[in-house]
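1. Need the 3D shape of this:
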Amino acid sequence: DVFKSQSAASLAGGISGLVNLKTISPLKMKNGFTANAKLDFSQGELSDREMNADGTTDKRSPDDNYSLILGYNNDGLFGVTVGAFQSNSYNANYQMSTSQHLGFLEGKGKGPSDRKDIDGDGDLVNDWYLVPGEYSARTSFMTREREGANISIEAAVGEHFIVRGDAFYTAMDQFDRGVVAAFDGSSSTTSYQVNGTLPQYVDGLYDPLLPVSQGTIVTDMGDFSYVDANGVTQTRNLHTLQVAKLVSPGFQTTSSNQINRTAALNTNFEIEYDSQDRLKAKLRYVYAEAEKQYRSAIFQQGNPGWNWVDVDGPKDPVTGIPAPNGKDPVTGYPLTVDYRGEYPTFSYEGDLSDANLLKFYQGIADGSEVTAELNVIRLDVNYELEGDLFSSVDVGFRQGDRDAHNSKFNYLTATQRYPDSDRTPA
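-> Numbers count the residues shown, from 1 in each chain. Coordinates of the predicted model:
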């Protein structure tokens with residue numbers, strides 16, 4: 001039942017209304033035996049294959065969903081229903097998304113330009129470019145296993161009483177795994193100081209893109225006009241990327257794993273009285289318990305552009321540690337992203353698994369344990385009146401006790417930006 005307005009008989013409700021979920025009444029089923037079985041299979045277009053531990057892929061089995069309900073009603077005097085279900089599902093999500101920015105800003109808080117003359121036409125002012133803040137791709141996979149069972153027993157005791165008991169149990173195990181590979185598109189390899197010399201253009205100006213003469217392909221989207229801060233109308237030519245050729249100053253991979261395990265038991269016992277005249281009453285006792293376990297682990301690895309290393313500086317003759325001579329030049333990651341096909345393709349000139357390129361790493365883990373218990377006793381009485389002004393009177397009593405425990409923990413590893421031998425002393 002859905003109630004869009006409140007009434008005195010409602011225990012609680014929200015602004016949008018109240019939803020009252022009802023279970024099957026064994027005594028309202030058709031007389032005799034009843035059976036209902038359901039078997040369902042499904043397969044996603046992008047989740048029909050799975051990866052093995054050795055890196056190979058195989059065809060995976062379809063998702064399945066089984067359910068069974070059995071019932072018996074003995075002429076409205078005694079009834080019982082038993083149900084069970086089990087489901088397994090697998091979802092895959094492949095995503096490439098990023099925020100778009102006007103590239104080649106003249107400084108923090110300043111406007112864009114074409115100071116690298118990307119299209120080679122010699123105009124360093126009127127050509128503007130929409131570029132990604134990050135060149136990234138990500139995948140995520142979800143595996144969920146659910147199972148549950150329920151039983152309901154209902155009996156008529158004489159002409160005035162109906163006794164009913166219910167028990168419901170559900171459990172779920174869900175595993176989420178994801179991988180993200182991202183190249184920094186907000187800065188260039190020249191955005192950082194080298195051996196104490198400050199850069200001409202700082203980081204965060206969205207300028208790692210190389211000119212068309214070095215492999216970038218752009219599309220002319222035409223002219224547009226705007227009014228600048230001085231009230232003067234300006235006209236610029238906007239370009240978008242078809243092929244991005246760049247040298248990114250930073251690269252990072254993120255691998256994540258989350259585990260969710262939940263279980264719940266709900267029971268209900270009730271006695272219903274009907275005088276067959278004006279008086280009706282119901283006494284209910286509800287007991288429920290639930291638990292949830294959550295675990296999350298994230299591992300980040302890469303070599304960001306801000307990685308402060310001075311390998312070529314003069315070393316202390318005693319300790320062998322480089323003197324604080326300033327940061328060495330950032331070599332960067334040569335990258336090509338082709339947006340012209342059905343899906344963008346990434347090409348990297350090198351081996352991203354090279355340990356020398358993955359000097360920065362950090363592991364983060366956290367988890368939680370939640371348990372809850374609920375005890376409720378409720379009495380509802382309804383008495384019908386004969387008057388024209390009032391049709392009935394409802395009286396109710398409810399006593400509830402809820403006990404919940406929540407514990408949480410966090411693990412954090414030290415960040416290893418570079419080996420101890422390469423650290424710049426403080």
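2. Tell me where the stretch 101-250 of the chain has strands.
-> In the stretch 101-250 of the chain, the strands defined using DSSP state E, counting those that start in this stretch lie at 127-132, 134-157, 161-184, 217-227, 233-248.
3. Of those strands, which is nearest Gly32?
-> The closest of these to Gly32 is strand 134-157. By Cβ to Cβ, the value is 15.4 Å. From N, CA and C alone the C-beta is placed, and that goes for glycine too.
4. Give the buried residues for the closest one.
-> 134-144, 146-148, 150-156 (16 or more other Cβ atoms under 10 Å).
5. Within its sheet, name the partner strands of it and how each one runs.
-> Looking at strand 134-157 with DSSP bridges, its partner strands are strand 78-95 (antiparallel), strand 161-184 (antiparallel).
6. Which of these has the lowest mean pLDDT?
-> In terms of mean pLDDT, the lowest-scoring of those is strand 78-95 (a mean of 92).
7. Could you list the buried residues of that one?
-> 79-81, 83, 85, 87-90, 92.
8. Relative to Thr34, how far out is Val243?
-> Computed as Cβ to Cβ, to the nearest Å, the Val243 to Thr34 distance reads 64 Å.
9. so what's Tyr135 closest to, chain neighbours aside?
-> Here the nearest residue to Tyr135 in space, its sequence neighbours aside, is Phe183; by Cβ to Cβ, 6 or more residues apart in numbering that works out to 4.3 Å.
10. In this structure the one you found contacts Tyr333, no?
-> Yes: Phe183 lies in contact with Tyr333 (Cβ atoms under 8 Å); the separation is 5.9 Å.
11. list residues touching both of those two?
-> Jointly contacting Phe183 and Tyr333 under the rule Cβ atoms under 8 Å, 6 or more residues apart in numbering are 248, 250-251.
12. now the strands paired with strand 134-157 in a markdown table, with distance to Tyr361?
-> Formatted as a markdown table, the strands paired with strand 134-157 follow (distance: least, Cβ to Cβ, whole Å):
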| stretch | distance to Tyr361 |
| --- | --- |
| strand 78-95 | 24 |
| strand 161-184 | 15 |
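13. Quick one: closest of those strands to Ile24.
-> strand 78-95 (5.5 Å).
14. coming back round to it: looking at the strands of the stretch 101-250 of the chain, spot the one closest to Thr190.
-> Among those, strand 233-248 comes nearest to Thr190, with 9.5 Å by Cβ to Cβ.
15. what mean pLDDT does the closest one have?
-> Taken as a whole, strand 233-248 carries a mean pLDDT of 94.
16. What is the helix or strand just after that strand packed up against?
-> Downstream of strand 233-248, the next assigned helix or strand under DSSP states H and E is strand 251-274. In terms of contacts (3 or more Cβ pairs under 8 Å, 6 or more residues apart in numbering; DSSP states H and E), strand 251-274 is packed against strand 161-184, strand 279-303.
17. what ranges of the stretch 301-426 of the chain fall below the confidence cut-off?
-> Applying pLDDT under 70 to the stretch 301-426 of the chain flags the ranges 304-326, 356-360, 413-426.
18. Which of the strands paired with strand 134-157 sits closest to Asp277?
-> Per Cβ to Cβ, nearest to Asp277 of those: strand 161-184, 14.7 Å.
19. buried ones in the closest one?
-> Across strand 161-184, burial judged by 16+ other Cβ under 10 Å covers 162, 164, 166, 168, 170, 172-176, 178, 180-184.
20. what do you get for stretch 186-205?
-> 186-192, 201, 203, 205.
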